[in-house]
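> one predicted model, sequence on top.
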Amino acid sequence: MYVYIAMGTYYFLKKLEEKHPNEKMVLMQNVEGCLLWHETAGSTLFQSPKKYELMESIGDFENEGVVSCNFIPVRDENRPVFEYGMTDKIKLIQNHTGFITARLLRPLSNDTYMLMTMWKDEEHIRTWKNSSMYNNIHFQSKGTNIFSGPAYTSTYFVSEEKDTE
């Protein structure tokens, strides 16, 4: 299974999503822009997306929620160590209050993995990030630095309502 992510304006991506109602797509937005997430076993409908392989999937997307995307750059030689640690750790999230879905994605064209989690609202994300379990999810390397750069997070909103800008 693969995940393709296209970036663009809300109206352009919304039209693309509506044009393909049988595809598994989720439109997300924040103040910086919009993403259209396409999850498929086949090829993508996007012309130049970010490309990922789906490593782990828990739950299903909903039409309302808040998405936290954690981007984690990992050195090529350390990918097996990172993947081994993360595939087990992601399962710890599923019983946390407010959790909806999670995806762990392996990059196909760069070194940055993505851990995407969807929550009922921002308060549930804050509660999760303040929990002791949150620290268990984050990969701690012992000795060597497996990362090729600093990790970063972006938050997006999924809503059936149209853009309010």
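Done, it's in.
> the residue nearest the centre of the chain: which element?
Central residue of the chain (CA atoms, centre = their mean): M116, 2.5 Å from the mean position. Take DSSP states H and E as the rule and M116 turns out to sit in strand 112-119.
> packing partners of the helix or strand following that strand?
As assigned by DSSP H and E, the chain's next helix or strand after strand 112-119 is helix 122-129. The helices and strands touching helix 122-129, judged by 3 or more CB pairs under 8 Å, 6 or more residues apart in numbering; DSSP states H and E, are strand 65-73, strand 112-119. C-beta here means a position set from N, CA and C on the backbone, and glycine is covered the same way.
> show me what the first one is packed against.
Under the contact criterion of 3+ CB pairs under 8 Å, 6+ apart, strand 65-73 touches strand 112-119, helix 122-129, strand 152-158.
> returning to what we had before: format the helices and strands packed on helix 122-129 as JSON lines; extra columns: mean pLDDT.
As requested, the helices and strands packed on helix 122-129 are arranged in JSON lines below (pLDDT from 0 to 100):
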{"stretch": "strand 65-73", "mean pLDDT": "93"}
{"stretch": "strand 112-119", "mean pLDDT": "94"}
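> closest to L105 out of the ones you listed?
strand 112-119 (4.3 Å; CB to CB).
> what sits up against that closest one?
Strand 112-119 has contacts (CB atoms under 8 Å, 6 or more residues apart in numbering) with 52, 59, 61-62, 65-74, 82, 86, 90, 93, 98-107, 125, 128, 137, 158.
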